[in-house]
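In: This is a predicted model, with the sequence first.
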Amino acid sequence: MQLSYIDTTDTDDVRTPLLALAVPKGGAPVTEGVPGVDAALVAAIDSAVASGDMTGRTGDQVVLYGSGGSAERVVLLGIGAADDLDAEGVRRFAGRAVRVAEKLRLEGVSISLSGLDAVDIGTASQAAAEGAGLAAWRFTELKAPDDDDPAVEVRTIRLLGAGDHDAGASGAMAGAAIARGANFARALQARPGNVATPTHIANEAVRMAGSVGLSATVFDEARMHEEGMKALLSVSRGSEEEARFIILEHRGGEEGDAPLVLVGKGLSFDAGGISLKPPAGMEEMKYDMSGGAAVIGAMQAIAELGVRANVVGLVPSSENMPSGTATKPGDVIGSLAGKTIEVINTDAEGRLILADALQWGARMKPAAMVDCATLTGSVIIALGHHASAVMGTDEALIEELRSAGEASGERCWPLPLWSEYRRQLDSETADLQNVGGRPGGSITAGAFLSEFVGDAPWAHLDIAGTAWGDGKLPYQRKGALGTPTRLLVEWVRSRAG
Ligand code: BES
Ligand code: MN
Ligand code: ZN
């Protein structure tokens with residue numbers, strides 16, 4: 001997919017098979033100065049609005065045909081009340097434009113950013129690039145092509161903007177890079193556990209790093225033994241697949257500047273270990289590496305955008321399987337931080353692999369450290385599928401993540417980490433145990449992680465409810481959503497100033 005930004009003040013001839021125009025509620029689309037709209041189309045648009053077929057309500061959609069002008073077709077898309085429009089509204093509008101092109105089997109679409117006045121041109125063009133780029137992504141690599149109904153890929157996306165040229169063009173570039181990062185994450189998420197093994201995830205990260213100029217280091221299990229990553233190794237013990245610890249580094253800041261550290265749970269398949277999960281829905285546990293995928297995707301975008309900050313991405317990657325060599329309930333294991341852990345439930349494995357990764361990150365003396373993980377089912381009970389949970393040791397950092405969530409359309413909402421929750425993890429035999437019972441399950445998981453972050457300003461995102469979904473939004477598809485790639489990139493960019 002190729003995305004470009006065209007300044008409509010520079011050109012009046014954009015040949016396009018489909019032009020998407022936004023229609024505000026009770027209003028009409030802006031056609032003045034939009035290239036490609038000939039007199040016949042203007043008349044047809046006026047009729048569509050006058051007839052009441054196009055009211056501008058979100059979801060309204062009308063396709064009209066030109067007569068030889070440079071736009072072969074126009075799709076009018078209702079965007080709701082003009083004053084209520086925000087970046088997320090633009091993302092959805094652009095996503096719908098791509099979906100219409102796909103449905104009509106067109107390889108290209110031009111999306112007009114005129115009339116989106118409640119949002120500044122830089123924000124609008126970034127959001128449109130994200131929405132269009134995300135909508136164009138599909139996961140087809142494991143299916144034979146359908147010869148009777150060949151899928152058409154929307155290859156060429158043009159954003160037509162007016163106003164501040166630099167803001168429009170750089171917004172489009174940023175949005176396209178962010179969408180590529182999120183789509184890279186989605187491909188890793190969508191691949192099943194027998195394909196996206198820890199070794200595969202590490203190889204993909206290394207390949208990507210080479211192409212965008214990140215430095216990459218991968219630890220195998222022998223190296224993890226040397227380093228003392230006992231908690232990570234305790235999870236991998238039950239599996240034939242070797243674990244990997246992936247380190248990606250972007251040196252965009254001054255040498256010696258404290259890095260921002262991103263950590264993502266890369267559990268390539270979670271069977272639960274000896275505390276085996278029930279069969280129903282277990283196949284979905286291939287998405288238990290979504291946090292790791294988002295960190296890898298975010299690092300790609302951060303490198304492509306040349307963000308002026310030092311950023312490190314850490315991904316502990318393992319399977320969680322039952323076998324004769326697997327860690328058993330009641331076992332006491334060590335950790336990189338030196339703390340001993342009583343494993344009450346081997347299905348609470350994410351926090352174990354993160355414990356060592358967070359300790360590794362803490363030793364880098366980061367300016368801030370953020371982890372994301374499909375950590376608990378109970379976060380879905382708390383917040384449903386509309387927000388990730390955020391918790392941590394630093395209120396200002398949590399606030400930054402909340403605003404990055406709003407701006408990126410990947411919202412997060414805070415949960416408390418009071419010391420009473422930590423006490424639910426007190427163990428008879430070890431420094432702490434890995435589960436704290438059902439009450440406050442997402443919070444006690446966060447409290448567990450907090451034991452391994454040293455004094456780094458740290459926050460944790462529980463993305464179990466947001467990384468995978470029904471794909472109801474126009475720029476989504478069922479399954480892999482790439483969350484929270486966009487949030488992470490937004491946060492890092494806000495930190496870099
Ligand atoms: N990967 C799961 C959490 C999860 C559940 C992610 C549903 C996505 C959807 C995690 O490893 C897990 O099994 N957590 C347990 C913790 C419990 C044993 C304390 C859970 O949530 O049930
Ligand atoms: Mn588990
Ligand atoms: Zn898990």
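Out: Great, that's in hand. Ligands and ions are numbered 1, 2, ... in the order given.
In: From residue 200, how far off is residue 249?
Out: To residue 200, residue 249 is 21 Å away according to CB to CB, to the nearest Å. Placement of C-beta: from N, CA and C, glycine included.
In: What of residue 405?
Out: Distance, residue 405 to residue 200, by CB to CB: 30 Å.
In: Pick out the residue in the stretch 201-350 of the chain sitting closest to ligand 3.
Out: Of all residues in the stretch 201-350 of the chain, residue 270 sits closest to ligand 3, at 3.7 Å by CB to the ion.
In: Just grab the bridge partners of that residue for me.
Out: residue 320 (DSSP bridges).
In: returning to what we had before: from the neighbour counts alone, determine which of residue 405 and residue 200 ranks first.
Out: Relative neighbour count places residue 405 above the other of residue 405 and residue 200, with 24 against 18, counting by other CB atoms under 10 Å.
In: That one in helix, strand or coil?
Out: Secondary structure, DSSP: H, G, I helix; E, B strand; the rest coil: residue 405 is helix.
In: Based on its surroundings, how many neighbours for the closest residue to residue 392 other than its chain neighbours?
Out: Leaving aside its chain neighbours, residue 392 sits nearest to residue 459 (3.1 Å; criterion: CB to CB, 6 or more residues apart in numbering). Residues near residue 459, counting by other CB under 10 Å, number 29.
In: and if you look at residue 118?
Out: Per other CB under 10 Å, the neighbour tally for residue 118 reads 17.
In: tell me the contacts of it?
Out: By CB atoms under 8 Å, 6 or more residues apart in numbering, the residues touching residue 118 are 82-86.
In: State the distance from it to residue 90.
Out: For residue 118 relative to residue 90 (CB to CB), the value is 9 Å.
In: Surely residue 306 is in contact with residue 253?
Out: No. Using CB atoms under 8 Å, residue 306 is not in contact with residue 253; the gap is 11.1 Å.
In: can you tell me the helix or strand for residue 177?
Out: helix 165-190 (DSSP states H and E).
In: Distance from the helix or strand following that helix to the middle of the chain?
Out: The element immediately downstream of helix 165-190 (helix or strand, assigned by DSSP H and E) is helix 198-212. Centroid separation for helix 198-212 versus its chain: 17 Å, with CA atoms, centre = their mean, to the nearest Å.
In: now swap in stretch 248-255 and tell me
Out: The answer for stretch 248-255 is 22 Å, by CA atoms, centre = their mean.
In: same thing with stretch 160-168?
Out: 26 Å.
In: Straight-line length of it, end to end?
Out: 9 Å (CA to CA, to the nearest Å).
In: now do stretch 66-78
Out: 20 Å.
In: Which positions in it come out as buried?
Out: Within stretch 66-78, the residues scored as buried using 16 or more other CB atoms under 10 Å are 66, 69-78.
In: residue contacts, the residue of the chain found nearest ligand 2?
Out: Per CB to the ion, residue 347 is where the chain lies closest to ligand 2, at 3.9 Å. By CB under 8 Å, 6+ apart, residue 347 lies in contact with 270, 272-273, 275-277, 320.
In: one more time with 7 Å, if that's ok
Out: Residues near residue 347 by CB atoms under 7 Å, 6 or more residues apart in numbering: 272-273, 275, 277.
In: picking up where we left off before, with neighbour numbers in mind, choose between residue 306 and residue 253.
Out: Higher neighbour count among residue 306 and residue 253: residue 253, with 18 against 12, using other CB under 10 Å.
In: Quick check: phi and psi on the more buried one?
Out: phi -100, psi -170 (degrees, to the nearest 10).
In: Quick check: closest non-adjacent residue to it.
Out: residue 310 (4.1 Å).
In: I'd say the one you found and residue 255 touch.
Out: No. Here residue 310 does not reach residue 255: they are 8.4 Å apart, not a contact under CB atoms under 7 Å.
In: Which of those two has more residues huddled nearby?
Out: Between residue 310 and residue 255, counting by other CB under 10 Å, residue 310 is the more crowded of the two (22 against 6).
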